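Chemist: My questions concern the predicted model and sequence given below.
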Amino acid sequence: MKNKKPQPLLLILLRAFKWVSLTLLLVTLVSIYFMPRAILYPEYSIISWIQPFLILLILPLLVFTTLLSFTKRVKLSTVNAALSVGIVGPTFEVLKDYREKVELTKNGVWVNSIVVDRKKTGNRGLYWTIKCKYELNGRAYETLYHDDLSNLHPIGDTIRLIYSSEYPKIYALGSEWNK
């Protein structure tokens, strides 16, 4: 029987790299689609950058390295890395919207909110957006900016809002909920 020559360490690491990159890619995809509420609806705005960072930077990088390590084809890897953002980003939003709808249907509570800010949005101030505030158990919550296309809600106006009793940062304005 012949003695096998020992493999160089670099060759062993390169062979293992493709499986490590594939594992990291799968972990990233799972963490994007099943991101915890504390990251999706954070207390601090810096945390809200985790999701776009994963989708726009980490995901394409991992898709590129994984495909390149398996196929050795640069163009194929580059195109698929770019396509991954166009596929995962929108499907993540669809899943997030669905999860919010289910949460609000199951645990939704209606409350009155007050418009606290408005601003013109668009290239030339084409339409107004509004920001609302609602209070629960002595704690104030603010919404993101939402379109007010008909310019109906001045500051101080009351708008119905549905929020999750389990996680109050999940909400929908009454006009959006009815759609």
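Modeler: On my side now, so go ahead.
Chemist: all helices of this structure, in order?
Modeler: 9-33, 37-40, 50-53, 59-71, 74-107, 174-177 (DSSP state H).
Chemist: Go through those and pick out the most buried.
Modeler: The highest mean neighbour count among those, using mean count of other Cβ atoms under 10 Å, belongs to helix 59-71: a mean of 19. C-betas here are computed from N, CA, C, even on glycine.
Chemist: That helix packs against which elements?
Modeler: helix 9-33, helix 74-107 (3 or more Cβ pairs under 8 Å, 6 or more residues apart in numbering; DSSP states H and E).
Chemist: show me what contacts I58?
Modeler: T28 (Cβ atoms under 8 Å, 6 or more residues apart in numbering).
Chemist: Any figure for the gap between it and F70?
Modeler: 18 Å (Cβ to Cβ, to the nearest Å).
Chemist: count of residues packed around T143?
Modeler: Residues within reach of T143, counting by other Cβ atoms under 10 Å, total 21.
Chemist: pretty sure it is in contact with L173, am I right?
Modeler: Yes. If you go by Cβ atoms under 8 Å, T143 and L173 touch, sitting 7.1 Å apart.
Chemist: which residues are common contacts for those two?
Modeler: S113, C132, L161.
Chemist: What subset of those is buried?
Modeler: Buried by 16 or more other Cβ atoms under 10 Å: S113, C132, L161, out of the shared contacts of T143 and L173.
Chemist: Could you export the helices of the chain as CSV, including mean pLDDT?
Modeler: Shown next, in CSV, are the helices of the chain (pLDDT from 0 to 100):
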stretch, mean pLDDT
helix 9-33, 86
helix 37-40, 90
helix 50-53, 92
helix 59-71, 94
helix 74-107, 95
helix 174-177, 84
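Chemist: for those, which one sits closest to K120?
Modeler: Across the helices of the chain, K120 has its closest neighbour in helix 174-177 (19.1 Å, Cβ to Cβ).
Chemist: pLDDT at the residue nearest to Y127 when sequence neighbours are not counted, what is it?
Modeler: Spatial nearest neighbour of Y127, excluding adjacent residues (Cβ to Cβ, 6 or more residues apart in numbering): L149 at 5.2 Å. The per-residue pLDDT reported for L149 equals 79.
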